[in-house]
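Participant: mind looking at a prediction? Sequence and model below.
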Amino acid sequence: MTPGELRRLRNKPQDKSNLAKISNSLIEAFVSKNNLGALKILFYIARGKIELDEREIREIHIDTNSACDYCNIDIKTLKRNLKQMSETSISFIDEKNDITEYITVIPYIKITTKKIELKMFSKILNLIAETKNKFTIIDVENLMQLRSKHSVRMIQLLEMIKGFGENIPKRKRYLLEDLNGMFGTSYTRLKEFERKILVPVKDELDDKSDLSFIYEIIFEDSVKQGRPSAIGIVIDLLDNQRRQRRFFV
């Protein structure tokens, strides 16, 4: 493949049917619960056209085989993850009026060999089709290839970085405390986070994703004696040309 062909490939518009816009808070809720399968189902729902109206509860119908094929899971896994979603609630807090609501993500599920019928509250669908607050647009087809919930979380961060303005460097700085919060971990040393999260996530994204990253360790600069402590990382977005060449040459 010539450089010009490769450049046209990278700049090719994404298939909009595979794009999902979803609230960061909803993604973080499932990442913290270690539920990768539920995340995939959530993104599968999000890639469809969700039309919101005044009804409190909406019905959604999904083809069972299509959902399994697209999410790269079997029917047993699909049922297990839908059940977990029926047991997961999201909190809505109105501090001004001192009101707290807990709403189940999917309160009703009916599964047959051909069709899945879901009933969902509009407040949850608003998070899936989020337009007002923080959200990320993600290529769902790319995400479905991933096996690690941490890789899914990293893709969310990389898509956010990718969306930075044209003249803004595609990089982001995170301290260990920030990383623990985003990935649902509690490491006290950056070295452990690097070994157990960053390295395997980078390996998977390098192999399976159109987006990957490189990173640089940030060291504490206030230490006058001894070896400075690692306190965070700088992530730079990496357009995964190696993977593109492997599949398209």
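Facilitator: Now that the structure is in, tell me what you want to look at. Numbers count the residues shown, from 1 in each chain.
Participant: how about the helix of greatest length in the chain: buried residues?
Facilitator: Ordering each helix of the chain by length in residues (DSSP state H) puts helix 149-162 first. By 16 or more other CB atoms under 10 Å, the buried positions in helix 149-162 come out as 149-161. The C-beta positions use only the backbone N, C-alpha and C, and glycine is treated the same way.
Participant: ok, now stretch 159-174?
Facilitator: 159-161, 170, 172, 174.
Participant: now do the end-to-end distance for it.
Facilitator: Stretch 159-174 stretches 16 Å from its first residue to its last (CA to CA, to the nearest Å).
Participant: what is the rounded mean pLDDT of it?
Facilitator: For stretch 159-174, mean pLDDT is 83.
Participant: and the angle from the helix or strand hosting Asp206 to helix 149-162?
Facilitator: Counting by DSSP states H and E, the element that carries Asp206 is helix 199-208. Taking axes from the mean of the first three to the mean of the last three CA atoms, to 10 degrees, one finds helix 199-208 and helix 149-162 inclined to each other by 70 degrees.
Participant: what's helix 199-208 packed up against?
Facilitator: Contact partners of helix 199-208 among helices and strands, from 3 or more CB pairs under 8 Å, 6 or more residues apart in numbering; DSSP states H and E: helix 149-162, strand 211-219, helix 241-248.
Participant: can you rerun that using 7 Å?
Facilitator: Other helices and strands packing on helix 199-208, by 3 or more CB pairs under 7 Å, 6 or more residues apart in numbering; DSSP states H and E, are helix 149-162, strand 211-219.
Participant: hang on, the earlier thing: tabulate the buried residues of helix 149-162 (CSV), appending distance to Lys83.
Facilitator: Formatted as CSV, the buried residues of helix 149-162 follow (distance: CB to CB, whole Å):
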residue, distance to Lys83
Lys149, 18
His150, 23
Ser151, 24
Val152, 20
Arg153, 23
Met154, 27
Ile155, 25
Gln156, 24
Leu157, 29
Leu158, 31
Glu159, 29
Met160, 31
Ile161, 34
